[in-house]
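Engineer: Sequence plus the predicted model coming up.
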Amino acid sequence: MTYTDSTSGSPPASTEPAAPAPAPGDRRRWFALAIVMTAAFMDLVDVTIVNIAIPTIQRDEGASFSQIQWITAGYALAFAAGLITGGRLGDIHGRKRIFLLGVGGFTLASALCGLAVNPEMLVASRILQGATASLMVPQVLSIVHATFPAHERGKVFGLFGAIVGLGAVSGPLLGALLTEWNLFGLEWRPIFLINLPVGIAALLLGRRYISESKAPRALKLDLVGVGLVTLGLLMLLYPLTRGRELGWPLWGYLMMAGALVVLAVLVAYERGKGARDGSPLIELSLFRVKSFAAGIAVQTVFGIGLGIFFLVWTLYMQVGLGWSALRAGLTGVPFSIAVSVAAGLSVQLLVPRFGRKVLQAGALVMAAGVLLYIWESEHYGMGISSWQMALPLVVMGVGMGLIVAPLTDAVLSEVPHAHAGSASGLINTVQQMGNALGLGLVSVVFFGVIDERLARGEVGPAFADGFQHALGWVAAVMGLIFLLMFALPGRPAQHVDGAEVPGEPEPVRDDAAVEDRKPQAEDRKPQFVP
């Protein structure tokens, strides 16, 4: 959901009124919720399901280490670069229309992934998959806001939390099972082809049950901003991904330095764009809010740590230790359960009482789990078992759960409601960008300590050493996150409506938020104040 500036001269996106949302007693809205939640679940599973199948893809397709990284990093980069644009397109052209377009494109891209004849085609199809997901995912919350009254949204977002936990558990397991079963002799391909029936069903049912909604005064799409964001990210990530393979050429360092220049130009352009017509791609005034700016930094750095961990963890178990995809997937179950349980406890019990300290405790607990994992990997060596990994994984999962659930509320607590939609889009975008950057850094922190020419008996110990080295970086990332969290608000309180970003004119809310926000107990949840 986005908001437009009341002083903007942008004309309305359309003179046709959007279709009204279903009435509170209309059961169709629950069908619509099931459809958009299924799409969100499909995207989440698609990210986690691929990690577990990467070694199988490498073996069957002869993919290089660089291509392996781009199978995941390409998706993450395309997804991150398109999130803000995808949300804006929904405001302009209709959220239902863009959602269905994204679902259709995602389904087509999944088919192309499953039919890929070489690693290059798979990488290109994954990039297309990420781009179409960036059209689909931003519409989910906007459709929920347009469909459900305020007093029902707490229940709805609780269901979304359950979906996130289910996706975290089922993705690796589903990937492992589909890879192990080798359905119809297709090897790893069913992990993508499974999206086809789900996507087709979402398309058919979405056309019938989802109501259309648009922003009454949508902003124009900032194409220059889109181009600068995409260019800057590519210039930063491409050298990180290919640098080691190409011997770290000079042009790689120049490209990364140039990326900083491009991003600086982006900031200057967006500032001028906002002053001229009030329609920048990125609302820079939000960064005047201390907690928001700190939260963006936390999300970015946290994404980097997760991007590094999940890829090297998979490679360590399946390539280094020689485990099957199913065993690796089952090994991760304690981690996923710990994340879900800790996330629920943090929101319901801990955050209302301890506020920011819960998030900081999560960073320290996760760092402790990482250090414990390093010790166990060194102590047990190549004979380490799944049950011996359970303790550090549970500790890490608890720490992660204490961070992921309350972090968004903490970041948004000092952001005015008028900018909550745009702020949420930025948070999701930088988290995905951080994840893509983390995947790119795997070239440095993991593959950088592994010799390219290894005898068969040297692969396992070399990957174990690389894993321990990479986890040292992850622990350092958690320490940095702990320090950054001091800039977040300190204690929980009720969110106060009507706050404004300094220097910002009064905004006009879109049709997804026209309902009068009268104080309701059901519509309140713990927020943070300094």
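Structural biologist: Nice, thanks for sending it over.
Engineer: Only alpha carbons, please: show stretch 199-216 as CSV.
Structural biologist: C-alpha atoms of stretch 199-216 as CSV (Å, rounded to 0.1, in the frame of the first residue of the first chain):
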residue,chain,number,x,y,z
GLY,A,199,-0.2,-20.8,-10.2
ILE,A,200,-2.9,-21.8,-12.6
ALA,A,201,-5.4,-22.3,-9.8
ALA,A,202,-4.5,-18.9,-8.3
LEU,A,203,-5.0,-17.3,-11.7
LEU,A,204,-8.5,-18.8,-12.2
LEU,A,205,-9.7,-18.3,-8.7
GLY,A,206,-8.1,-14.8,-8.3
ARG,A,207,-10.0,-13.5,-11.4
ARG,A,208,-13.3,-14.5,-9.7
TYR,A,209,-12.8,-13.7,-6.0
ILE,A,210,-10.3,-10.8,-5.7
SER,A,211,-11.8,-7.4,-6.0
GLU,A,212,-10.0,-4.7,-7.9
SER,A,213,-8.7,-1.6,-6.1
LYS,A,214,-6.5,1.4,-7.1
ALA,A,215,-5.0,4.4,-5.5
PRO,A,216,-7.3,7.4,-6.4
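Engineer: And Arg207, how far from Ile35?
Structural biologist: Taking C-beta to C-beta, to the nearest Å as the measure, Arg207 falls 10 Å from Ile35. Heads up, the C-betas are built off the backbone N, CA and C, glycines and all.
Engineer: between those two, who's got more neighbours?
Structural biologist: Ile35 (25 against 11; other C-beta atoms under 10 Å).
Engineer: residues in contact with Ile282?
Structural biologist: 84, 225, 229, 266, 270, 426 (C-beta atoms under 8 Å, 6 or more residues apart in numbering).
Engineer: Where does it sit, in terms of helix or strand?
Structural biologist: For Ile282, there is no host helix or strand (DSSP states H and E).
Engineer: Gly102 too?
Structural biologist: helix 95-114.
Engineer: Show me what that helix packs onto, helices and strands only.
Structural biologist: helix 28-61, helix 65-93, helix 119-136, helix 138-147, helix 190-193, helix 195-209 (3 or more C-beta pairs under 8 Å, 6 or more residues apart in numbering; DSSP states H and E).
Engineer: Leaving out sequence neighbours, find the closest residue to the residue most central in space within the chain.
Structural biologist: Nearest to the mean C-alpha position of the chain, counting by C-alpha atoms, centre = their mean, stands Gln432 at 4.5 Å. Excluding the flanking residues, the one nearest Gln432 by C-beta to C-beta, 6 or more residues apart in numbering is Ala80, at 3.3 Å.
Engineer: Looks like that neighbour contacts Thr230 (just checking).
Structural biologist: No - under the criterion of C-beta atoms under 8 Å, Ala80 makes no contact with Thr230, lying 9.7 Å away.
Engineer: These two: which has the busier surroundings?
Structural biologist: Using other C-beta under 10 Å as the criterion, Ala80 and Thr230 rank with Ala80 on top: 25 against 17.
Engineer: how about the more buried one, what does it touch?
Structural biologist: Ala80 touches 134, 233, 429-430, 432-433, 435-436, counting by C-beta under 8 Å, 6+ apart.
Engineer: what's the answer for Leu234, then?
Structural biologist: Counted by C-beta under 8 Å, 6+ apart, Leu234 has contacts Leu77.
Engineer: Find the helix or strand that it is a member of.
Structural biologist: Assigned by DSSP H and E, Leu234 falls in helix 223-242.
Engineer: Return the distance of that helix from the chain's centre.
Structural biologist: Here helix 223-242 is found 18 Å from its chain centre; the criterion is C-alpha atoms, centre = their mean, to the nearest Å.
Engineer: What residues of it count as buried?
Structural biologist: 225-226, 228-233, 235-242 (16 or more other C-beta atoms under 10 Å).
Engineer: Pick out the lowest-pLDDT one from those residues.
Structural biologist: Within the buried residues of helix 223-242, the minimum per-residue pLDDT falls on Thr241 (64).
Engineer: about what we covered before: from the buried residues of helix 223-242, pick the one nearest Gln58.
Structural biologist: Thr241 (15.4 Å; C-beta to C-beta).
Engineer: can you pull out the strands in the stretch 251-400 of the chain?
Structural biologist: Secondary structure of the stretch 251-400 of the chain (DSSP state E, counting those that start in this stretch): no strands present.
Engineer: Tell me how this structure divides into domains.
Structural biologist: Following automatic domain parsing, one gets these domains for the chain: 21-212, 228-277, 282-494.
Engineer: Now that we have these, can you turn them into TSV and tack on distance to Leu221?
Structural biologist: Listed next are those as TSV, based on distance: least, C-beta to C-beta, whole Å:
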stretch	distance to Leu221
domain 21-212	6
domain 228-277	12
domain 282-494	13
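Engineer: can I assume Val47 is in contact with Gly171?
Structural biologist: Yes - between Val47 and Gly171 there is a contact at 7.1 Å, judged by C-beta under 8 Å.
Engineer: So between those two, which is more surrounded?
Structural biologist: For Val47 versus Gly171, the count of surrounding residues by other C-beta under 10 Å is larger for Gly171: 24 against 20.
Engineer: ok so the more buried one is a helix residue?
Structural biologist: Yes - counting by DSSP: H, G, I helix; E, B strand; the rest coil, Gly171 is found in a helix.
Engineer: Name the nearest residue to it, ignoring sequence neighbours.
Structural biologist: That would be Thr48: by C-beta to C-beta, 6+ apart, it lies 2.9 Å from Gly171.
Engineer: Surely that neighbour is in contact with Ile191?
Structural biologist: No - the pair Thr48 / Ile191 is not scored as a contact, 10.3 Å apart, by C-beta under 8 Å.
Engineer: Can you check which residues contact both of those two?
Structural biologist: Gly175.
Engineer: between those two, which one's more packed in?
Structural biologist: Ile191 (28 against 21).
Engineer: got the contact list for the more buried one?
Structural biologist: 49-50, 53, 174-175, 178-179.
Engineer: rerun at 7 Å
Structural biologist: By C-beta atoms under 7 Å, 6 or more residues apart in numbering, the contact set of Ile191 is 49-50, 53, 175, 178-179.
Engineer: Neighbour count and pLDDT added to the residues you listed, as TSV?
Structural biologist: Formatted as TSV, these follow (neighbours: other C-beta atoms under 10 Å; pLDDT from 0 to 100):
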residue	neighbour count	pLDDT
Ile49	27	82
Val50	22	84
Ala53	26	81
Gly175	29	82
Leu178	24	86
Thr179	26	80
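Engineer: For Tyr269, report the pLDDT, please.
Structural biologist: According to the model, Tyr269 scores 92 on pLDDT.
Engineer: For it, give me its contacts.
Structural biologist: Tyr269 neighbours (C-beta under 7 Å, 6+ apart): 224-225, 228.
Engineer: Contacts for stretch 64-77, please.
Structural biologist: With C-beta under 7 Å, 6+ apart, stretch 64-77 has contacts from 50-51, 54, 57-58, 119, 122-123, 126-127, 129-130, 233, 237, 241-242, 245, 311, 432, 435-436, 439-440, 442-443, 447.
Engineer: Buried members of those residues into ChimeraX, please.
Structural biologist: Typed into ChimeraX, the line below selects the buried ones among those, using 16+ other C-beta under 10 Å:
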select :50,51,54,57,58,119,122,123,126,127,129,130,233,237,241,242,311,432,435,436,439,440,442,443,447
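Engineer: Can you tell me how far the nearest residue to Met136 once chain neighbours are set aside is from Val137?
Structural biologist: Nearest residue to Met136 in three dimensions, chain neighbours excluded: Gly102, at 3.0 Å (C-beta to C-beta, 6+ apart). Distance, Gly102 to Val137, by C-beta to C-beta: 7 Å.
Engineer: what does Gly171 give?
Structural biologist: From Gly171 to Val137 the distance is 16 Å (C-beta to C-beta).
Engineer: Please report the number of neighbouring residues for Gly272.
Structural biologist: Using other C-beta under 10 Å, Gly272 has 11 other residues around it.
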